[in-house]
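Asker: Sequence plus the predicted model coming up.
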Amino acid sequence: MQKILYSLVTVLFGVLPLRAAPLQIVTDIAPVQALVSAVTGDRAAVSVLVGPADSPHDFALRPSQARGLQQADVVFWVGPELTHWLEKSLSNLGGGAPRVALAQVAGTRRLPMRGQAGAVDPHFWLDPQNATLWLSEIARVLAGIDPQNAAYYRKNAKVEGFRIAALETGSAQKLAALAGRPYLVFHDSYQYLEARFGLSPLGAVTSGEGIPPSASALVRVRAKLRDADVACLLYEPDANRHLIDAVTEGAPVKRVVLDPLGNGVAGGYTGLLRYWVDGFVRCLAE
């Protein structure tokens, strides 16, 4: 009998080998890490490359991060529209792990950059419906790598998708009453969230990442602050505070910090969405 049982166990383990260690997954930014972690639960170690002190637009891999990429079972990233440096790093480092550019997933909403002809706005994750779509793709990819946990990944993706949808409905109700109030942004980073919830800024202080405004542009921004009864100015944590002071000097306008990456925000993607929506509510509420 013992020999028979041993043979059965041997056959079963030969057909369905158990993983000796959890999946090692690398992501580029915190929102992608949050989505992947929601799907994997405790079945994977999910790391992120771009930290709170880093910019996703201009980043250099540390040696430990390069090793992590080489050893990863899969890499999930937004795509070259945002973290273009990662495309070259993945090519140079080699390795056979799948590399999933989420912005390329069919059905992802892709908006043109306002004021920059031919460019795509790379802040795709700020649309909660893009995030929900990406959950399904993440689960599909992980199921192919780790089929033993495929049902677990798919269930987690569905549950998180339901959470996001419920929060989106509540957020739309919160923001509907504030949609007509004028505001400005420092950098045009929030378009996907604005488009989803029917918001639109009067303009941006800077015309592009790292591009300082001209003197004439500053005059136009100050005129909008003066003439349009602007409720507030939204700006990123790393925005030039001296420039913000110069723009808002003498104007009774609220200044609200809002991080499109949500670095340091707890609660997964729903925590991030709640943080972004609450930032707009603080900005626009009287």
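Answerer: Nice, I can see it. Residues are numbered from 1 along each chain as shown.
Asker: For the residue most central in space within the chain, which non-adjacent residue is spatially closest?
Answerer: Compute the mean C-alpha point of the chain, and by C-alpha atoms, centre = their mean the closest residue is residue 31, 3.6 Å away. Once flanking residues are discounted, residue 31 sits nearest to residue 125: 4.2 Å by C-beta to C-beta, 6 or more residues apart in numbering. From N, CA and C alone the C-beta is placed, and that goes for glycine too.
Asker: Can you name every helix or strand that the lengthiest helix in the chain contacts?
Answerer: The residue-count maximum for a helix in the chain (DSSP state H) belongs to helix 150-176. Contact partners of helix 150-176 among helices and strands, from 3 or more C-beta pairs under 8 Å, 6 or more residues apart in numbering; DSSP states H and E: helix 30-40, helix 128-145, helix 191-197, helix 268-284.
Asker: which parts of it are buried?
Answerer: 152-154, 156-157, 160-161, 163-164, 167-168, 171, 175 (16 or more other C-beta atoms under 10 Å).
Asker: quick one: contacts of the helix or strand that it is followed by?
Answerer: With elements assigned by DSSP states H and E, the helix or strand that comes after helix 150-176 is strand 183-185. Contacts with strand 183-185, where a contact means C-beta atoms under 8 Å, 6 or more residues apart in numbering, come from 201-205, 221, 224-225, 230-235, 253, 283-284.
Asker: For the nearest residue to residue 271 once chain neighbours are set aside, give me its contacts.
Answerer: Nearest residue to residue 271, sequence neighbours excluded (C-beta to C-beta, 6+ apart): residue 265, at 5.4 Å. Residue 265 sits next to 30, 259, 271, 272, 275 when contact means C-beta under 8 Å, 6+ apart.
Asker: Weed out the non-buried ones from these.
Answerer: 30, 259, 272, 275.
Asker: okay, the helices and strands packed on helix 150-176, which one's buried deepest?
Answerer: Compared across those, helix 30-40 shows the largest average neighbour count, a mean of 26 (mean count of other C-beta atoms under 10 Å).
Asker: Distance from that helix to the middle of the chain?
Answerer: Chain-centre distance of helix 30-40: 9 Å, with C-alpha atoms, centre = their mean, to the nearest Å.
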